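Participant: here is my input; please provide its structure:
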Amino acid sequence: MKRKEIVLTFVCLCVSTLLYGQSVGIKTNILMDALRTINLGVEIGLSKKTSLDLYANYNPWSYSDKKMMKMLIFQPELRYWFCDRFNGHFVGFHAHAGVYQASGIEMPLSIWPNLKDYRFKGNLYGVGISYGYQWMLSKHWNLEGNIGLGYARVKYEQFECKTCGAKVDEGHKNYIGPTKAAISLIYLF
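Facilitator: Purely as a prediction, here's the structure:
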């Protein structure tokens, strides 16, 4: 055998041992579906008690009355399962990053009071922890509840109005609070 063939065979054998018993789930967050936000997640079993959840939200829509909440957010999460993966309680460590543009929205708890009267665009990144539970509905279907808390660094540019206007400010906000909320329907392979 040539050296390349030996290396390729070794890599294939190592990777195949990692894939033994691997399960994969495709999911959608019903809460984001209700908010008309396109979302998709893929969860990959890494070991008997760990998995990697790769999740994205995309909202390209503008609404009436000068309201807009456009975003593209990625949120990978490493999970530890107390029972077997895809069954029961888990805790996770997640990161998030994305871009957004928003205006005319009244945020709860006065998180961002100027968002109602101005247009903001920018990016964000951060980390958090979460807790969740998955219920087995059938051989291939699960239901998951998940909530997380964390930190986000939100950079922004502030504009006078939704479609026009000069930039009036720029800066950043540091946010600490809920960073994840999901009720997901999952199909397992």
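Participant: from residue 87, how far off is the spatially most central residue of the chain?
Facilitator: Nearest to the centroid of the C-alpha atoms of the chain, with distances taken as Cα atoms, centre = their mean, sits residue 75, at 3.1 Å. Relative to residue 87, residue 75 is positioned 22 Å away (Cβ to Cβ, to the nearest Å). Backbone N, C-alpha and C define where each C-beta goes, glycine included.
Participant: circling back to that earlier point, doesn't residue 96 make contact with the residue nearest to the centre of the chain?
Facilitator: Yes - because the distance of 4.4 Å satisfies Cβ atoms under 8 Å, residue 75 is recorded as touching residue 96.
Participant: and for residue 165, nearest residue in space, chain neighbours not counted?
Facilitator: Once its chain neighbours are removed from consideration, residue 165 has its nearest residue in residue 159; the separation is 4.8 Å (Cβ to Cβ, 6 or more residues apart in numbering).
Participant: the residue nearest to residue 137 when sequence neighbours are not counted: what secondary structure?
Facilitator: Of all residues beyond its chain neighbours, the one nearest residue 137 is residue 143 (5.8 Å), with distances taken as Cβ to Cβ, 6+ apart. At residue 143 the chain is in strand, as set by DSSP: H, G, I helix; E, B strand; the rest coil.
Participant: shift numbering so it begins at 41
Facilitator: Shifting the count to begin at 41 puts that one at residue 183.
Participant: what's near enough to touch residue 183?
Facilitator: Remark: with contacts taken as Cβ atoms under 8 Å, 6 or more residues apart in numbering, residue 183 is in contact with 174, 175, 177, 223, 224, 225, 226.
Participant: where does the residue nearest to the centre of the chain land on pLDDT?
Facilitator: The predicted local distance difference test score for residue 115 is 98.
Participant: got the contact list for it?
Facilitator: 95, 96, 97, 134, 135, 136, 220.
Participant: can you do 7 Å?
Facilitator: With contacts defined as Cβ atoms under 7 Å, 6 or more residues apart in numbering, residue 115 is in contact with 95, 134, 136, 220.
Participant: quick one: residues contacting residue 211.
Facilitator: The neighbours of residue 211, taking Cβ under 7 Å, 6+ apart as the test, are residue 196.
Participant: what strand or helix carries it?
Facilitator: Counting by DSSP states H and E, the element that carries residue 211 is strand 207-228.
Participant: list the buried residues for that strand?
Facilitator: Across strand 207-228, burial judged by 16 or more other Cβ atoms under 10 Å covers 215, 219, 220, 222, 223, 224, 226, 228.
Participant: hang on, isn't the fifth one packed against residue 71?
Facilitator: What it means is residue 223. Yes - in this structure, residue 223 is within contact of residue 71 by Cβ atoms under 7 Å, at 5.5 Å.
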